[in-house]
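S.K.: please work out how this folds:
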Amino acid sequence: MKLIFSSFLFSLLLSCNIFPQYTSSDSDLVHTTFTRQFDHQIIQKYVDSDEAEKVNAALFSIAQSEDTLWVNKIINLDYQKFGSNICFALGELGPCKTSANFLEEQIANKNNSNQLIHSALEALGKTGDNNSFVFITNYYLRNHQSNLDGISPSLYNFYIRNIGNKEEIGKILADELKTYDKPSRRNFEAVFAFYRTDVPASSKNILVRELTNFIEAQSIKNKFVQTTLPYLLGCLRKLDYFPNDHKLFSKLIRSNNFGIKVEAVHSLAYYPYQSAQELDKYLALLNDSNPNVTRSIASSLKEIKLNSKLMDYLKEFLKAKLLSNKFEKNTQGELFLSYINLFKTSFNEAENKFSKVIPKEYFYQALGNLNSSDAALSFLLSKFNSENNKNKIAILESVINFQGRISNEDNLRNFIIEAINSDFPPLIAIAADGIDSISTLEERELLASIITKQVKKYSNNPDYQESIMSLALLSKKINDSTFKTILNSLAESDFYPINKFAFRLLDRSTLPLVNKGKNFDKFWGNAFKYKFAEVKTQKGNFTIKFLPQISPISVGNFCSLSKRKFFNNNSFHRVVPGFVIQGGDPEETGWGGPDYDIVSEFSPLNYDAGMVGMASAGKDTEGSQWFVTTGDFPHLNGRYTIFAKVIKGLSVVFKITQDDKIIQIKLI
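M.R.: Take a look at the predicted model:
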């Protein structure tokens, strides 16, 4: 029902021209947007068009431009006709007094529909200042909440920009938590915003009441029952709390909804267990048929708080389970990480009892918790050169934790510096981000020399963009002069994301070099050519429908790579149960991609379950990595490109776990 409801709503919204509409005849507009030139004449032609699709497409292009000079032009468009897209564009353009004044007028205009007021409220949180925050909170209180469906996303957007009184935000969101006539978008947005902001301990009773209400409403065929419940559970989890309510506990344990069950597994780690029988009911979820549920409980166990008798019981239970080695490798690995976190374990015990039954990647991760053990560090360093790239990353991430805690500091420091000086991008970035301040100061001349060399060597290479950014930020820790020298060097890069990164940190008022538009013809030629893709995996198949009218470059890029069989036999290298499955990395480490980047194509679409998006390291850094959401995640909206939607086989997506293979992608 949820998928049918979402698909119907999605079709309805598109038919109402709420979303931008690129067509196969709009190559000039898409090209100038892709190259980041934003040619004024081309865009103006679309803005002045009599066709709604053309105007919407222009607003979509303007939204990517980061140029507030467009504000005066677009606020004069017909708000009743283009209001939602006007608000989206203003929000993406960012803080602007003119935008804020316009949006405040639309919020106060009683002739506007609830949807248009909602769009204006959400955008005001992205564009307004403290005066706008005062306006919106006063208006909310004065009007007793009427016609302010959208107050929660507005307050959330103010919050993440560090604008407004956080206590006041919390009070309004707490008031918004209450159930209205029936579970609605307003409930969902309030609970989501509450979850993403500061959840006060005083809200426990409100949250439990609403959780109980929504649990009772599970039988209602209402999308917002299923999407709100995980966030209510998440709010309690942030408080390290779950009520001593066995009835509620039992209903969550028995839930058949994937998103609810995964979050319930995390939240029930905080249930006040009083007996082995109660604990066994929770631990029984390790036998669940869905590997993402079993992995979730294995990971969540590290947070559990028990009396000493039950803790002893749990220790023996986990030890037996680990030594039986009957789980999928991700569950086995997460279970070991929880065991190491919960129970004091020596390096000798870890190596002798568990090293043969724990996947290497997880074993190396776990040793990062034994960060005062010289033996554990020596073991990690001795394994590094003989390991594959994925395990090298795990070793380095663990080794970073030993800084300042062991006697062998010189070897440790040399190892980290060698990683910064390596030719493997993730090692460079992890080491540059993780090296401590003492090492940075004591080795500043050597580090400055290495950073200068690495920047010169890799600043035009797309595979190294995150590494280069990390090196630049490390140079700032050395001294301001080194930092400025590195940024000036990066400002000369031919690679657009690096060039843009440097311009921002140098606070230059002029625009950076434009993207040279590499591969545009290839992407455009594939953008509208295919309607669907069938993704064949070892867990089954799912089908996605492309959205070229929203993100033609991303669709064209995905199709172009699929035709090259780029994704065949590739794994889903990152799976976060209840959040996303992510693939498209040829190296399967999370750091790989093609030999180019594409630009972001943000849109007003929402990240509901089954949306297919592009992974990135920041705006305009997308490549080949893509993901599918397994729940509703508004914090991704307008920050990651959506280019397709799962229309068949979402249940397969829910079962995919980390390292499962993509056998083939068939374009249709």
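S.K.: what does the pLDDT read for residue 310?
M.R.: With respect to pLDDT, residue 310 scores 98.
S.K.: swap in residue 380?
M.R.: On pLDDT, residue 380 comes in at 97.
S.K.: isn't there a strand covering it?
M.R.: No: assessed with DSSP: H, G, I helix; E, B strand; the rest coil, residue 380 is helix; it does not lie in a strand.
S.K.: that one - how many residues pack around it?
M.R.: As a burial measure, residue 380 scores 24 neighbours (other Cβ atoms under 10 Å). C-beta here means a position set from N, CA and C on the backbone, and glycine is covered the same way.
S.K.: please apply the same query to residue 352.
M.R.: For residue 352, the neighbour count with other Cβ under 10 Å is 10.
S.K.: how near is it to residue 346?
M.R.: 9 Å (Cβ to Cβ, to the nearest Å).
S.K.: same question, residue 164
M.R.: Counting by Cβ to Cβ, the gap from residue 164 to residue 346 is 50 Å.
S.K.: then residue 277?
M.R.: 32 Å.
S.K.: higher neighbour count, residue 164 and residue 346?
M.R.: residue 164 (22 against 12).
S.K.: from residue 136, how far out is the more buried one?
M.R.: In terms of Cβ to Cβ, residue 164 sits 9 Å off from residue 136.
S.K.: mutual contacts of those two, please.
M.R.: 155, 158 (Cβ atoms under 8 Å, 6 or more residues apart in numbering).
S.K.: helices and strands of this protein: which one bottoms out on pLDDT?
M.R.: helix 2-15 (a mean of 34; mean pLDDT, DSSP states H and E).
S.K.: next SSE downstream of that one?
M.R.: Remark: after helix 2-15, the chain's next helix or strand is helix 27-34, criterion DSSP states H and E.
S.K.: can you pull the buried residues of that next one?
M.R.: Going by neighbour count (16 or more other Cβ atoms under 10 Å), the buried part of helix 27-34 is 27, 29, 30, 31, 32, 33, 34.
S.K.: quick one: mean pLDDT for that helix?
M.R.: 97.
S.K.: over to stretch 44-58?
M.R.: The pLDDT scores in stretch 44-58 average 96.
S.K.: what is the end-to-end distance of that stretch?
M.R.: 8 Å (Cα to Cα, to the nearest Å).
S.K.: distance between that stretch and the chain's centre?
M.R.: Stretch 44-58 has its average C-alpha position 32 Å from the chain's average C-alpha position, going by Cα atoms, centre = their mean, to the nearest Å.
S.K.: what lies in contact with it?
M.R.: Residues contacting stretch 44-58 (Cβ under 8 Å, 6+ apart): 17, 19-23, 26, 29, 43, 59, 61, 73-74, 77, 81-82, 85.
S.K.: just the buried members of those?
M.R.: Taking 16+ other Cβ under 10 Å as the criterion, what is buried in these is 17, 19-23, 26, 29, 43, 59, 61, 74, 77, 82, 85.
S.K.: now for those residues, which pair is the farthest apart?
M.R.: 23 and 74 (20.2 Å; Cβ to Cβ).
S.K.: hang on, the earlier thing: any chance of the buried residues of helix 27-34 in TSV, with distance to residue 229 too?
M.R.: Output for these, formatted as TSV (distance: Cβ to Cβ, whole Å):
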residue	distance to residue 229
27	45
29	42
30	40
31	45
32	44
33	39
34	40
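S.K.: which ones are touching the spatially closest residue to residue 351 that is not a sequence neighbour?
M.R.: Nearest residue to residue 351, sequence neighbours excluded (Cβ to Cβ, 6 or more residues apart in numbering): residue 379, at 7.0 Å. With contact set as Cβ under 8 Å, 6+ apart, residue 379 has these partners: 347, 351, 367.
S.K.: now these: which count as buried?
M.R.: By 16+ other Cβ under 10 Å, these give 347, 367 as buried.
S.K.: among the contacts of residue 379, which are in helices?
M.R.: 347, 367 (DSSP state H).
S.K.: which one of the contacts of residue 379 is nearest to residue 520?
M.R.: residue 367 (47.1 Å).
S.K.: would you agree that closest one is in contact with residue 355?
M.R.: No: between residue 367 and residue 355 there is no contact under Cβ atoms under 8 Å: 9.8 Å.
S.K.: what about the nearest residue to residue 622 once chain neighbours are set aside, neighbour count?
M.R.: Leaving aside its sequence neighbours, residue 622 sits nearest to residue 614 (Cβ to Cβ, 6+ apart; 4.2 Å). Per other Cβ under 10 Å, the neighbour tally for residue 614 reads 24.
S.K.: hmm, residue 614 is touching residue 636, no?
M.R.: No: using Cβ under 8 Å, residue 614 makes no contact with residue 636, being 10.9 Å away.
S.K.: roughly how far does residue 199 sit from residue 76?
M.R.: Relative to residue 76, and taking Cβ to Cβ, residue 199 is found at 42 Å.
S.K.: of the two, who's got more company?
M.R.: residue 199 (21 against 11).
S.K.: and the more buried one, which of the three is it?
M.R.: Residue 199 - assigned by three-state DSSP - is coil.
S.K.: please parse this structure into its domains.
M.R.: 20-65, 68-176, 408-514, 520-667 (automatic domain parsing).
S.K.: will you turn those domains into TSV that also has distance to residue 371?
M.R.: Shown next, in TSV, are the domains of the chain (distance: least, Cβ to Cβ, whole Å):
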stretch	distance to residue 371
domain 20-65	44
domain 68-176	32
domain 408-514	10
domain 520-667	23
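S.K.: nearest to residue 296, of these?
M.R.: Here domain 520-667 is closest among the domains of the chain (Cβ to Cβ), at 4.7 Å.
S.K.: centre of this structure to the edge, which residue is at the far end?
M.R.: residue 309 (39.2 Å; Cα atoms, centre = their mean).
S.K.: now that residue: which helix or strand?
M.R.: Taking DSSP H and E as the definition, residue 309 sits inside helix 308-324.
S.K.: contacts for that helix?
M.R.: Helix 308-324 has contacts (Cβ under 8 Å, 6+ apart) with 273, 275-276, 279, 283, 286, 301, 304, 306, 327, 332, 335-336, 338-339, 342-343, 353-354, 357-358.
S.K.: break down this structure into its strands, ranges please.
M.R.: 532-537, 540-546, 570-571, 574-576, 580-583, 611-614, 626-629, 642-648, 661-667 (DSSP state E).
S.K.: want to throw these into a markdown table with mean pLDDT?
M.R.: Listed next are the strands of the chain as a markdown table, based on pLDDT from 0 to 100:
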| stretch | mean pLDDT |
| --- | --- |
| strand 532-537 | 98 |
| strand 540-546 | 98 |
| strand 570-571 | 96 |
| strand 574-576 | 97 |
| strand 580-583 | 98 |
| strand 611-614 | 98 |
| strand 626-629 | 98 |
| strand 642-648 | 98 |
| strand 661-667 | 98 |
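S.K.: can you pull the phi/psi pair for the residue nearest to residue 593 when sequence neighbours are not counted?
M.R.: Computed as Cβ to Cβ, 6+ apart, the closest residue to residue 593 that is not its neighbour in sequence is residue 623, at 3.3 Å. Dihedral angles of residue 623 (phi, psi; degrees, to the nearest 10) stand at phi -140, psi -100.
S.K.: quick one: residues contacting residue 121.
M.R.: 103, 107, 136, 148, 150, 151, 153, 154.
S.K.: my read: the fourth one touches residue 117, true?
M.R.: Yes: judged on Cβ under 8 Å, residue 148 makes contact with residue 117 at a distance of 7.1 Å.
S.K.: anything in contact with each of these two?
M.R.: Jointly contacting residue 148 and residue 117 under the rule Cβ under 8 Å, 6+ apart are residue 107.
S.K.: so which residues make contact with stretch 339-358?
M.R.: The contact list for stretch 339-358, computed with Cβ under 8 Å, 6+ apart, reads 301-302, 304, 311, 314-315, 318-319, 322-323, 325, 332-333, 336, 363, 366-367, 369-370, 373, 375-376, 379.
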